[in-house]
Structures are given as C-alpha cells and as structure tokens.
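Visitor: Below is the sequence, then the predicted model.
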Amino acid sequence: MSQVVRFHQTGGPEVLQLEELDVGSPGPGQARVRHTAIGLNFIDTYYRSGLYAQPLPSGLGSEAAGVVEAVGVGVEGLQPGDRVAYASGPLGAYASERLIPADKLLKLPDAIADETAAAMMLQGLTAEYLLRRTYAVQPGDAILIHAAAGGVGQIAVQWAKALGARVIATAGGADKVALVKQLGADVVIDYRSEDFVAAARAATGGVGVRVVYDGVGKDTFAGSLDCLAPRGLMVTYGNASGPVPEISPLLLSQKGSLFLTRPTLGSYIATRQELEAAAAALFAVVANGSVKISVAQRYPLTQAAQAHVDLAARKTVGSTILIP
C-alpha cells in the first residue's frame with residue numbers, strides 16, 4: 001500500500017488528507033516508482049486552493065525522485081532498479097509509491113543524489129526555460145530576478161551568473177538578502193525596505209533591465225514593468241502574491257514598446273526531445289558546480305499540510321522536500 005496525500009475539496013492546507021491506496025501494477029507505457037524524495041513547489045498550493053482547476057478528488061505534487069520498481073508493456077529504456085526523477089505528468093507526487101507515464105521519467109546521473117533531484121527538477125527546469133529560451137540571456141545583459149531567495153530564484157541567480165548576466169535580484173529581509181548575495185547576485189534589493197523600481201533603475205544608470213523574471217505576481221507586476229528598458233521583456237511566470245491584474249496592450253506601448261509573456265513549464269517540455277534537452281542542460285550545470293542545490297527544509301510526507309502552511313507564510317527558503 002502506498003501512503004498518498006490527496007484532497008477532496010479545494011481550500012487551505014487543512015484539506016490535505018493522508019490516505020492508503022493500492023497503486024497496482026503498471027499498465028502499458030507506465031512505470032511504478034517508489035519515491036525516495038518529493039519536491040514541494042508553490043504551484044502545489046494553486047491546485048490545492050483551486051486557483052488551478054483539477055478534477056476532485058486529486059493527488060498533489062509534480063516532482064519527485066525514486067527508484068523504478070516495475071514497468072509496463074511497451075516501456076523501453078527503463079528497468080527495475082533505475083534511479084529516476086520527474087517534474088511533469090499527472091499530479092500525484094505526494095505519495096510513497098505511484099504509477100506514472102514512463103516517458104515523463106528521466107534517468108539520474110550518478111553525480112546527482114535523489115534529494116538533490118527532488119529539490120531541483122521542477123524549479124531547475126523552470127529556470128532553464130526562463131533563462132535559455134523565454135529570453136536567452138546573453139553575457140552583459142542586465143536582468144531582474146524577483147524572489148531570488150526562493151527555489152527557482154536561487155537556481156536562476158546562479159545560472160544567470162554562469163551565463164554572464166549582470167544580476168539584479170530582490171528578496172525580503174536581511175537574511176534572505178545576504179543569502180542571495182552569497183549566490184553571486186550583483187545587486188540585491190530588500191523589497192521590504194527599498195523601492196525596488198528606483199533601486200533597479202539606479203543599478204542600471206536609469207536605462208532599465210532587458211528582462212524581468214517575476215514569479216511573485218500581483219504585488220510586483222506593475223513595478224516590474226517600470227524596471228524594463230525600452231523593448232524589454234516582462235516574464236510573469238507565477239502568482240505567489242495573487243494573479244496579476246488585467247492590462248491594456250496600450251500600456252505596453254506607453255512604457256517603451258514592451259513585450260509580455262506568461263509562460264508555463266509544460267509548454268517548454270511538451271515533447272520528449274525538449275524534456276531531455278532541458279534536463280541535460282540542468283544536470284550539466286549542477287554536476288559542474290555552476291549551480292548548487294541546497295535542500296533547506298525537509299518534512300515527513302505525513303506533515304505535507306504543515307509544509308504548505310510554512311510555504312504560504314514565506315517561512316521557507318530555497319528548496320523544500322517531503323520524505324516518504
């Protein structure tokens with residue numbers, strides 16, 4: 001029997017329930033994976049709260065690492081005993097064991113531990129598409145990364161520096177600011193005590209940045225537009241503070257012929273080829289030390305609800321994992 005966290009109605013962390021389910025044998029194209037570590041991500045709260053609709057009852061979680069226990073008919077390239085990780089596919093990672101489409105699984109290199117993989121797959125693949133494909137960061141580019149002490153933010157700061165960018169970052173509070181400075185950001189703005197727009201403008205001599213990567217949403221959206229240089233790109237990829245307001249396209253022209261995009265990871269790893277290429281890039285920068293993954297918090301799977309409470313209260317820093 002597998003221990004599984006599910007929810008039968010949307011709402012706060014209290015709707016999460018621990019249940020026991022028999023996951024059964026893998027069907028055609030599936031694999032049964034025993035999880036060793038599970039990633040916790042802010043997007044999980046969107047499904048739990050109902051911001052992102054999902055048929056109920058539902059499992060939760062999009063990323064984990066573990067060991068293949070069995071494969072179904074037609075599965076090639078995987079066998080029992082393989083160490084794997086994933087960051088896409090049907091919800092249901094909050095489980096000690098599950099069935100999953102085998103084409104969502106990636107074999108882990110020996111150099112990457114299970115906990116590291118569970119802490120980095122979704123956040124790292126997000127950083128990959130943001131920095132290398134949504135806007136391909138070039139050496140010397142001035143960029144702004146919001147919530148840089150968070151899971152995606154920490155990876156993005158390090159990766160952007162490896163790409164040669166001039167990184168301007170925001171974080172909340174002295175401890176988080178110090179952490180982001182240690183990661184290599186050139187300028188770190190404490191949004192709690194500083195006007196991030198004025199600070200970002202000052203850091204670029206008034207020119208503005210080429211791109212803003214904003215996973216915060218409502219609280220930072222309007223200001224982020226004002227941080228951009230003419231023809232700059234606003235990348236809003238998350239809603240940690242709530243959905244961004246509707247805007248008129250005319251506003252983008254008034255602020256300097258700006259570009260605006262709302263990307264999702266799924267659109268950038270829609271094919272197996274894209275998924276493998278993105279993962280290879282991520283594995284490479286982690287294996288060579290350009291990007292260091294820190295597991296800052298660990299919770300037992302049985303305390304998934306408490307992990308959600310702490311995540312919403314911004315008590316977590318960097319990556320958090322659940323241990324079955």
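Guide: The structure has been received and is ready for your questions.

Visitor: pLDDT score for the spatially most central residue of the chain?
Guide: With distances taken as Cα atoms, centre = their mean, residue 123 lies nearest the centre of the chain, 2.8 Å away. At residue 123, the model reports a pLDDT of 92.

Visitor: can you list contacts of the host helix or strand of it?
Guide: Assigned by DSSP states H and E, residue 123 belongs to helix 114-129. Residues from elsewhere that reach helix 114-129 (Cβ atoms under 8 Å, 6 or more residues apart in numbering): 36-39, 41, 43, 62-66, 83, 85-87, 106, 108, 151-152, 155-156, 159, 237, 263, 265, 268-269, 278-279, 281-282, 286, 291, 293-295, 319-321. The C-beta positions use only the backbone N, C-alpha and C, and glycine is treated the same way.

Visitor: just checking, which of those belong to helices?
Guide: 43, 151-152, 155-156, 159, 265, 268, 278-279, 281-282, 286 (DSSP state H).

Visitor: Okay, angle between the lengthiest strand in the chain and helix 114-129 too, please.
Guide: The longest strand of the chain (DSSP state E) is strand 30-40. On the basis of axes from the mean of the first three to the mean of the last three Cα atoms, to 10 degrees, strand 30-40 is oriented at 80 degrees to helix 114-129.

Visitor: C-alpha coordinates for strand 30-40, CSV please?
Guide: Extracted C-alpha coordinates of strand 30-40, given in CSV (Å, rounded to 0.1, in the frame of the first residue of the first chain):
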residue,chain,number,x,y,z
GLN,A,30,3.7,3.2,-17.4
ALA,A,31,6.2,2.6,-14.6
ARG,A,32,5.7,2.1,-10.9
VAL,A,33,8.1,4.3,-8.9
ARG,A,34,9.0,4.1,-5.2
HIS,A,35,9.7,7.6,-4.1
THR,A,36,12.7,8.5,-2.0
ALA,A,37,12.2,12.3,-2.0
ILE,A,38,9.4,14.6,-3.2
GLY,A,39,9.6,18.2,-4.2
LEU,A,40,7.4,20.9,-2.7
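
Visitor: Could you name the helices and strands sitting against it?
Guide: Judged by 3 or more Cβ pairs under 8 Å, 6 or more residues apart in numbering; DSSP states H and E, the packing partners of strand 30-40 are strand 64-71, strand 97-101, helix 114-129, helix 304-312, strand 319-323.

Visitor: Once you drop chain neighbours, what's closest to residue 171?
Guide: residue 149 (4.4 Å; Cβ to Cβ, 6 or more residues apart in numbering).

Visitor: Can you give me the neighbour number for that neighbour?
Guide: Look at residue 149: counted by other Cβ atoms under 10 Å, it has 25 neighbours.

Visitor: per-residue pLDDT, residue 165?
Guide: Reported pLDDT for residue 165: 98.
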